[in-house]
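Peer 1: Pasting a predicted model and its sequence here:
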Amino acid sequence: MSDLSAVYQEMLAFFKPLWPGEDKPLVLGEGKADSPILMLIGEAPGETEVIKGRPFVGKAGKNLDEFLQLAGLKREEIFVSNVVKIRPTEKGPTGRTRNRAPNKEELSLFTPFLLKEIEAVAPRALVTLGNVPLKALTEGKITVGDCHGAWMNSRAGIPLFSLYHPASIIYRRALAPVYENDVMELARCLKEQAIPG
């Protein structure tokens, strides 16, 4: 059993009894699990991810495809995951179930497993999408607005590059050129092997 398989077995055993009677399947990471150049980390799976049992499919997958194309990468070259491995939901005004940001309890339960997952995958660098993974990996001290497009240290001991969440571009069109410039800077660093550390 690989280190990553062991982490996932431990995670499944830990979370299975936590929500008795509720269907909260875990969506685990996927991709190149042996020292990839990048590990991309989002906040949590959405409805499509839960249905398919894979991270970054559906709308998030389209965002990921655009990121990969801009950065000159292929999905099979990287590892993709989320901080929280269940879909956080709430009832909307119409009574429909919708996604929500992970709460403090979910983050405190899942972050230790994220750190174990990172250690097992051993990526060359981490890329966080949005504030949730950034705060999980920097102990909540900064926001994406403070540090997007730049390298910093992570609590995992691996260089971290912070990006806005691609979905944020949908709501704030002015962020689109900022996001693209940041991804191009990341691509330049990868091409020139200019990852710090």
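Peer 2: Received, thanks.
Peer 1: how about the strands of the chain, start to end?
Peer 2: Along the chain, the segments classed as strands by DSSP state E run 30-31, 38-42, 79-82, 89-91, 97-99, 125-129, 151-152, 160-163.
Peer 1: tilt between the second one and strand 125-129?
Peer 2: If I follow you right, that is strand 38-42. Orientation of strand 38-42 against strand 125-129 (axes from the mean of the first three to the mean of the last three CA atoms, to 10 degrees) gives an angle of 20 degrees.
Peer 1: Give me the sheet partners of strand 38-42 and which way each runs.
Peer 2: Sheet pairing of strand 38-42 (DSSP bridges) gives strand 79-82 (parallel), strand 125-129 (parallel).
Peer 1: would you list those strands in TSV and tack on distance to Gly31?
Peer 2: Quick note: C-beta positions are derived from backbone N, CA and C, even for glycine. As requested, the strands paired with strand 38-42 are arranged in TSV below (distance: least, CB to CB, whole Å):
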stretch	distance to Gly31
strand 79-82	4
strand 125-129	12
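Peer 1: Pull the residues that contact stretch 138-149.
Peer 2: By CB atoms under 8 Å, 6 or more residues apart in numbering, the list of residues contacting stretch 138-149 from outside reads 128, 130-131, 134-135, 152, 154-155, 160-165, 178, 181-182, 185-186.
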